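let me see the structure of the following:
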Amino acid sequence: MSRHGGKVRLGKKKYKVLRNISGASNYDEYGEVIEGTWKEIEIIANIQGALEYNKMRMTNAGDVSKDTISVRSNQDLYKARVDVNGKALLADRIFYKGTYWEVKEDIDYNNLRTAHIEVLATRLDEQPM
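Residues are numbered from 1 along each chain as shown. Below you'll find the model as predicted:
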């Protein structure tokens, strides 16, 4: 309970997300993903600094030392994946505090009252577009 008598609610705000969509994505001769088309969408989410425990538990060893945020939303966010046609899709990129953050890991919480997704995203070294 808050000091105002109601339940505590974390504020959610609108954020811009770049989503790699199917079509032009493919692999080059080195196995690297060729970026396809990006679509800008808007999500409503709560973003916090990621706890060290979550960074260690959820990210790859190479990402542990990078700046990381924790994002909670009722809308889907995606890490790198392959679409139904076998095309590679890059991870969603969230615009936050003047820079883009790439989704690295996600957990779905499907409780009846609190269904949401939680993702960890690391700051991109090179900014898209």
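
need the contact list for residue 47.
13, 15, 69-72, 94, 96 (Cβ atoms under 8 Å, 6 or more residues apart in numbering). For the C-beta atoms, the positions are set from N, CA and C on the backbone; glycine is no exception.

again, only this time at 7 Å
By Cβ atoms under 7 Å, 6 or more residues apart in numbering, the residues touching residue 47 are 69, 71, 96.

most neighbours, which of those?
With neighbours taken as other Cβ atoms under 10 Å, the top of the contacts of residue 47 is residue 71, carrying 24 neighbours.

tell me the bridge partners for that one.
residue 47, residue 119 (DSSP bridges).

ok, which stretches of this structure are strands?
Under the criterion DSSP state E, the chain contains strands at 13-21, 26-27, 33-34, 37-49, 68-73, 81-82, 88-89, 93-96, 99-109, 116-123.

would you list those in TSV and tack on mean pLDDT?
Formatted as TSV, the strands of the chain follow (pLDDT from 0 to 100):
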stretch	mean pLDDT
strand 13-21	92
strand 26-27	66
strand 33-34	69
strand 37-49	90
strand 68-73	88
strand 81-82	82
strand 88-89	79
strand 93-96	95
strand 99-109	89
strand 116-123	88
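
please name the nearest non-neighbouring residue to residue 99.
residue 123 (5.9 Å; Cβ to Cβ, 6 or more residues apart in numbering).

wait, that neighbour touches residue 101, no?
Yes. Counting by Cβ atoms under 7 Å, residue 123 does reach residue 101; the two are 5.5 Å apart.

who has more neighbours, those two?
Neighbours were counted for residue 123 and for residue 101 using other Cβ under 10 Å; residue 101 has more, 26 against 15.

the more buried one: what's it in contact with?
Residue 101 touches 69, 93-94, 121-124, counting by Cβ under 7 Å, 6+ apart.

now list the buried members of those residues.
69, 93-94, 121-122, 124 (16 or more other Cβ atoms under 10 Å).
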